[in-house]
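Engineer: sequence first, predicted coordinates after that:
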Amino acid sequence: MKESGLSSIVRLDIGGKKFCTTVSTLTQREPDSMLGAMFSGRHTVCEDPEKGYVFIDRDGKHFRHILNWLRDGVVPSLAESEYSELLREAEYFQLIGLIDEINSVLNTRKEADEISTELSRTDIIKCIQSEKVRFRGVNLSGVDLSKLDLSFVDFSFACLKNVFFSRTNLQCAKFRDVDAEGSIFHNATLRECDFTGANLRRALLAGANLQSANLQDACLIDCSFCGADLRSAHLQTADLTNANLEGANLEGANLKGAKLTNANLKGANLQRAYLRHVNLRDTRLDGANLDGANLLGATR
């Protein structure tokens, strides 16, 4: 291992599988773990003098998930048997945060199995009266959740196809990697929501408040954002093909790498929006306000 600070490269051999990472990855998220202690600089770590790898005698099957957890805090979607295997490795490496997240996912799945996938509006109301509400991975397709207070609820990985969220308070709710195709968010409060990687194809978000919402990498094809408030929204690399954003407020929004083919931005407010290197050639911008927008390298 090269001794050049927290960015130094570390090569690991986990039961014959080779990995390459950095000291900062191994030490910053879980400093009290076995890996954090090993590479903290307080201990001498032995490596193969010929190959330059630190050998750890464990099954390397799930070690990539451990590294991704240490890098991004992300728990992968796995079968229950694989979660048990990953949990065993997390316990060996003393990764307390990962252990808690895996147990949380397993408990959520257990709860979901106990709840009928045909949840009614009444069932949802009963659930949200509990102290901590999570619907991760649950199938809520077609349920009417309009006009409820679902702020801060975690819907990550759930199936939300054709769900009615009209006028619902969803502030700070999590929708990471959900399938919400065709759902209705008309006039919903979605401030600071996390839609990273979500499928919102053909969803209706007209009049919705999406201030500072995170829609990075989301599929927004054929979505309607007419009159929506998207000020300071994060839309990096989102697919807005054929999306209707007529009259939407995108002041200060970040659209870096967004796909805007045939998108309708007529009359939209794009003041101070980040549009560097975005292809606007097939985008309708009649009457749009581009004052102060960063258009360096944009194609028009």
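Structural biologist: Alright, I've got the coordinates.
Engineer: by mean pLDDT, flag the weakest helix or strand of the protein.
Structural biologist: When each helix and strand of the chain is scored by mean pLDDT, DSSP states H and E, helix 121-128 comes last, with a mean of 69.
Engineer: need the contact list for residue 294.
Structural biologist: Contacts here follow C-beta atoms under 8 Å, 6 or more residues apart in numbering; on that basis residue 294 touches 272, 273, 274, 275, 276. Bear in mind the C-beta positions are built from the backbone N, C-alpha and C, glycine included.
Engineer: repeat the analysis, applying 6 Å as the threshold.
Structural biologist: By C-beta atoms under 6 Å, 6 or more residues apart in numbering, the residues touching residue 294 are 274, 276.
Engineer: also residue 149?
Structural biologist: Listed by C-beta under 6 Å, 6+ apart, the contact partners of residue 149 are residue 169.
Engineer: make residue 1 into 66 and carry on from there
Structural biologist: Sounds good: first residue 66 from here, last item residue 214.
Engineer: and it, how far is that from residue 274?
Structural biologist: In this structure, residue 214 lies at 14 Å from residue 274, with C-beta to C-beta, to the nearest Å as the measure.
Engineer: how about residue 162?
Structural biologist: For residue 162, the distance to residue 274 equals 32 Å [C-beta to C-beta].
Engineer: so these two - more neighbours on which side?
Structural biologist: Applying other C-beta atoms under 10 Å to residue 162 and residue 274 shows that residue 274 carries more neighbours, namely 22 against 16.
Engineer: write down the beta-bridge partners of the more buried one, one by one.
Structural biologist: residue 254, residue 294 (DSSP bridges).
Engineer: thought it was touching residue 296?
Structural biologist: No - Residue 274 sits out of contact with residue 296 when judged by C-beta atoms under 6 Å, with a separation of 9.2 Å.
Engineer: give me the phi and psi angles of the closest residue to residue 164 other than its chain neighbours.
Structural biologist: With C-beta to C-beta, 6 or more residues apart in numbering as the measure, residue 155 is the residue that lies nearest to residue 164, at 4.9 Å, once sequence neighbours are left out. Phi and psi for residue 155, reported as degrees, to the nearest 10, are phi -60, psi -40.
Engineer: roughly how far apart are residue 155 and residue 335?
Structural biologist: Shown here: residue 155 relative to residue 335, a distance of 45 Å by C-beta to C-beta.
Engineer: can you check residue 104 too?
Structural biologist: From residue 104 over to residue 335 the distance is 46 Å, taken as C-beta to C-beta.
Engineer: do residue 305 as well
Structural biologist: 13 Å.
Engineer: you'd agree residue 273 is up against residue 258?
Structural biologist: No - checked against C-beta under 6 Å, the pair residue 273 and residue 258 is beyond contact range at 9.6 Å.
Engineer: residue nearest the centroid of this protein?
Structural biologist: residue 261 (3.5 Å; C-alpha atoms, centre = their mean).
Engineer: need the contact list for that residue.
Structural biologist: Taking C-beta under 6 Å, 6+ apart, we find residue 261 in contact with 241, 279, 281, 282.
Engineer: cool, and residue 104?
Structural biologist: Contacts here follow C-beta under 6 Å, 6+ apart; on that basis residue 104 touches 88, 91, 92.
Engineer: tally of neighbours for the second one?
Structural biologist: When neighbours are counted by other C-beta under 10 Å, residue 91 registers 26.
Engineer: that one should be in a strand, yeah?
Structural biologist: No - checked against DSSP: H, G, I helix; E, B strand; the rest coil, residue 91 lies outside a strand; its state is helix.
Engineer: look up how far residue 294 lies from it.
Structural biologist: Plainly put, residue 91 is 42 Å away from residue 294 if you go by C-beta to C-beta.
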